[in-house]
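Peer 1: coords please:
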Amino acid sequence: MREAILKLLEVNINQPLTLERILITFAITLIMGSVILLIYRITFRGVMYNRSFGTALLMVSLVTALIIMPISSNVVLSLGMVGALSIVRFRTALKDPLDIVYMFWAIALGLTAGAGFFELAIIGSLILAVIMLIVTSLQSGGRKKPYLLIVRYNDAFRTDLRQILPPYTLKSKTATSQGYEAVLEIRLLSQDAKIVEQLNKAEGVLSVSLVRYSGDYQS
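Peer 2: Next comes the predicted model:
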């Protein structure tokens, strides 16, 4: 069993494209691509999870491996494929910088697995997964999640928000003929959402909205 695993992980870039190599490459790419997808879902901090992007991560790794396999086994063919791929242009914009990281991760997995570096693909993906989980856990601030608290009020509102709210950051304040609108960044536990009802009962408050967000806000 050990010899079979070592033989599987042995790097041979110029080996022919046999059915066994194709199936092994796709199997490893699919398993590690699923790991990337799982880490993406765990570390996702946006408002709405994009299922199509998660599917794209898995398919990008598989498609990249499919392209790299013939390139790594045939030098002449590789020159032609590189020339053909050079005319391809992608125009899809990724808003979250982490999405770019995950996309490069999926491409790197396809490149290493397609070239036959199975050990590098497996160990590298696992190390990146652990690092991503640790970094996300350290930056998440515990169980509290970021929210935007939008308060609309008029001149009758005399309450000091710092006395009834946890520590917050004022993102923007807008004055209109009807009153004022303040956008606050605040971290709350899920059960702390009742603070909206309490604040809405205050004199002079016109409306209160609590919106979950990813932590990026443009005023």
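Peer 1: Give me the neighbour count for A115.
Peer 2: A115 sits with 19 neighbouring residues when counted by other C-beta atoms under 10 Å. From N, CA and C alone the C-beta is placed, and that goes for glycine too.
Peer 1: before we move on, what about the one 10 residues further on?
Peer 2: One way to gauge burial is a neighbour count; for S125, by other C-beta under 10 Å, it gives 25.
Peer 1: So the closest residue to it other than its chain neighbours, which state does it fall into?
Peer 2: Distance criterion C-beta to C-beta, 6 or more residues apart in numbering; nearest residue to S125, sequence neighbours excluded, is M32 at 4.5 Å. Reducing the assignment to helix, strand or coil with DSSP: H, G, I helix; E, B strand; the rest coil, the entry for M32 is helix.
Peer 1: wait, what's in contact with M32?
Peer 2: By C-beta atoms under 8 Å, 6 or more residues apart in numbering, the contact set of M32 is S61, L109, A113, A121, I122, S125.
Peer 1: what's the answer for G114, then?
Peer 2: By C-beta under 8 Å, 6+ apart, the residues touching G114 are T25, T29, T64, A65, L66, I67, I68, M69, I71, S72.
Peer 1: Out of those, which is nearest to G179?
Peer 2: For the contacts of G114, the residue nearest G179 by C-beta to C-beta is T64; the value is 54.2 Å.
Peer 1: does the closest one really touch W105, like I thought?
Peer 2: No. Counting by C-beta atoms under 8 Å, no contact exists between T64 and W105, whose distance comes to 11.2 Å.
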